[in-house]
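K.L.:
Here is my input, please return the structure:
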Amino acid sequence: MNFLKSLLPHGNLIAAIINIGLVAWYTFLTHKMLRNSNKPHIVVRLDINNTHTDSLINIVVENIGTGPAKDIKIIPSCSDTKKLFDLPLEKIGFIKHGIEYLANGQTKESFLTSIIGKFEKQKKTPISVQVTYKDSAGKSYPSETFTLDFYEFDWVGTTGLKTTAGHLHTISQTLSETLKQVSAISEIRNELETLNRASTIIVEKFNGEEIKVYPSERNNFMLVQFRSDEEKGWAIGHTTSPIVLPTTLKWRLTQVTALKDKKSTEADYKNLERTFHKGGGFISFYDEIEAQNSPCEL
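P.N.:
Presented below is the predicted three-dimensional model:
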């Protein structure tokens, strides 16, 4: 009791000391909380490249902390990994040159390798990487080591091969169907050419040249090849319809002597020859002649 009475005169001083202690403690806790809320945490792992196929593996660097990291250095335990990976670790940009800045929640990744044909060797040869980094205030964090272990993808190897095999099978089927279509088109073309050659008719000869008639595939029209000493051209028509003179001759029809029937004389063919020389239009194998004001298009 006497002790308590002796403290009464110093009560204000004691209260002040207690308040100072509490403020210092709260300040320490606040600083610690702020520091932890701005603390980066860098991890390195392997992941499946989902944009292509299960057999492709990426290496991923991720900041899972609450603050940004800078000056990130990644050092592989093995300096030569070209026999293990399609893209050696030492050739990957962010491993070779480091990462200048990585915000919290941000990742950097790069294709590393395919496990097809290399998976057994990759499983037996785990590679580790050592990581160092700083926070935004420049504080360095202790280095951490991460193992790139391919055993976690043991289920992927078979799946990746099956996926690849499925793609190859689909491609093979598509190519097979395409080849069948090309073959069918080629057969049709050969049949048409054979038909045309077999159906060629020599109509008549004059001046050592020939007029040949070829059956066309459209509307029973006949394609007539016209040849003479002076000009060569083409005309198209029907056995019972007028023959259309070729536009390439670029002539107008001025005067035509009608061919009385299909069994024309040499003089009739000469008239036909002169008509080709004079212009475009229609020439009928019958009595009537139809003239056009402009050349007809084939």
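
K.L.:
Got the domain ranges for the chain?
P.N.:
Annotated domains of the chain cover 2-36, 42-158, 201-283 [automatic domain parsing].

K.L.:
per-stretch mean pLDDT over these, give me the minimum one.
P.N.:
Lowest mean pLDDT within these: domain 201-283, at a mean of 40.

K.L.:
Show the backbone phi and psi for the residue nearest to residue 83 when sequence neighbours are not counted.
P.N.:
Leaving aside its chain neighbours, residue 83 sits nearest to residue 121 (8.0 Å; criterion: C-beta to C-beta, 6 or more residues apart in numbering). Every C-beta, even on glycine, is put in place using the N, C-alpha and C of the backbone. Main-chain torsions, residue 121, degrees, to the nearest 10: phi -70, psi -40.

K.L.:
What number of neighbouring residues does residue 121 come out with?
P.N.:
As a burial measure, residue 121 scores 12 neighbours (other C-beta atoms under 10 Å).

K.L.:
Equivalent analysis for residue 105, please.
P.N.:
Counted with other C-beta under 10 Å, residue 105 comes out at 11.

K.L.:
and what of residue 117?
P.N.:
By other C-beta under 10 Å, neighbour count at residue 117 equals 10.

K.L.:
Using the three-state scheme, assign it.
P.N.:
Three-state assignment for residue 117 (DSSP: H, G, I helix; E, B strand; the rest coil): coil.

K.L.:
Let the chain start at 16 from now.
P.N.:
Will do, 16 is the new start, and the previous item becomes residue 132.

K.L.:
With residue 138 as the reference, measure out to it.
P.N.:
13 Å (C-beta to C-beta, to the nearest Å).

K.L.:
Would you confirm that the residue nearest to residue 98 contacts residue 96?
P.N.:
No: using C-beta atoms under 8 Å as the test, residue 136 is too far from residue 96 to be in contact (11.4 Å).

K.L.:
Mind listing the shared neighbours of those two?
P.N.:
Shared contacts of residue 136 and residue 96 (C-beta atoms under 8 Å, 6 or more residues apart in numbering): none.

K.L.:
which residues does the residue lying closest to residue 110 once chain neighbours are set aside contact?
P.N.:
Leaving out its chain neighbours, the residue that sits closest to residue 110 by C-beta to C-beta, 6+ apart is residue 89, at 4.8 Å. Residue 89 is in contact with 59, 76, 109-110, 113-114, 144-146, counting by C-beta under 8 Å, 6+ apart.

K.L.:
and residue 89, what element?
P.N.:
strand 84-91 (DSSP states H and E).

K.L.:
buried stuff in whichever helix or strand comes after that strand?
P.N.:
Scanning forward in sequence from strand 84-91 by DSSP H and E, the next helix or strand is helix 108-111. Neighbour-count burial for helix 108-111, counted by 16 or more other C-beta atoms under 10 Å, picks out 109-110.

K.L.:
which helices and strands does helix 108-111 pack with?
P.N.:
strand 84-91, strand 122-129 (3 or more C-beta pairs under 8 Å, 6 or more residues apart in numbering; DSSP states H and E).

K.L.:
Residue 85: what's it in contact with?
P.N.:
Contacts of residue 85 (C-beta under 8 Å, 6+ apart): 115-117, 148-151.
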